[in-house]
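Trainee: Generate coordinates for the sequence data below:
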Amino acid sequence: MPIMDEHNFEFFSRSPEQTRRLGSRIGSLLKPGDLICLSGDLGAGKTTFVQGIAHGWESVDTVSSPTFVIVNEYHRKTGETLFHMDAYRLESSMEAFDLDLDRMLEQGALLVEWAERIKDALPDNALWIKMNWMADEQRGLWFTATGPRSQALMDEFKKKVVGA
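Mentor: Here you go, the predicted structure:
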């Protein structure tokens with residue numbers, strides 16, 4: 001297990017509702033250009049977390065898993081877009097390059113499930129969230145900031161969640 005430091009934050013969710021609330025808190029902080037990379041086994045709660053993020057983003061669209069379409073778009077009334085990518089079916093980082101990630105990050109924020117599969121195609125400044133199944137409804141979330149904006153995002157999120 002990684003050592004806790006200023007670039008890492010760990011949280012245990014005790015229910016799907018709490019996982020959604022955590023997502024909502026981080027979603028309310030997202031700005032165009034932000035990149036959230038989610039990893040974890042099937043059933044770890046990634047889509048539940050994304051539902052919360054979209055709610056906090058104030059999406060007017062319903063969240064669904066983009067497994068078969070690769071990228072879903074969720075819109076705000078302001079016109080900004082939250083892009084939700086599922087990299088599970090991508091064979092390589094090269095396929096991700098073809099999806100025009102730069103355009104997505106210019107037009108909105110980007111969430112990538114199974115991000116570890118396309119890590120070479122992703123910008124360095126990202127907030128990585130590793131999700132682990134702990135028990136029936138409990139999940140462990142390990143947040144790691146890898147650049148200045150993702151660090152600021154994680155720091156704002158920690159203040160909202162634990163007041164620290």
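
Trainee: For this structure, just list every one of the strands.
Mentor: 8-13, 35-39, 71-75, 81-86, 108-113, 127-133, 139-145 (DSSP state E).

Trainee: Give me the buried positions along the third one.
Mentor: For strand 71-75, the neighbour count (16 or more other Cβ atoms under 10 Å) marks 71-72, 74-75 as buried. Every C-beta, even on glycine, is put in place using the N, C-alpha and C of the backbone.

Trainee: Between those, which sits nearest Asp102?
Mentor: Within the buried residues of strand 71-75, the smallest distance to Asp102 is 13.7 Å, found for Val71 (Cβ to Cβ).

Trainee: coming back round to it: from the buried residues of strand 71-75, pick the one nearest Met154.
Mentor: Using Cβ to Cβ, Tyr74 comes nearest to Met154 of the buried residues of strand 71-75, at 21.7 Å.

Trainee: wait, isn't that closest one in contact with Met85?
Mentor: No. Using Cβ atoms under 8 Å, Tyr74 makes no contact with Met85, being 11.9 Å away.

Trainee: show me what contacts Trp57?
Mentor: 27-28, 30, 74, 76, 82, 109 (Cβ atoms under 8 Å, 6 or more residues apart in numbering).

Trainee: Put together JSON lines for the buried residues of strand 71-75, with distance to Ser15 and pLDDT on each row.
Mentor: Below are the buried residues of strand 71-75 laid out as JSON lines (distance: Cβ to Cβ, whole Å; pLDDT from 0 to 100):
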{"residue": "Val71", "distance to Ser15": "29", "pLDDT": "87"}
{"residue": "Asn72", "distance to Ser15": "25", "pLDDT": "88"}
{"residue": "Tyr74", "distance to Ser15": "23", "pLDDT": "91"}
{"residue": "His75", "distance to Ser15": "28", "pLDDT": "91"}
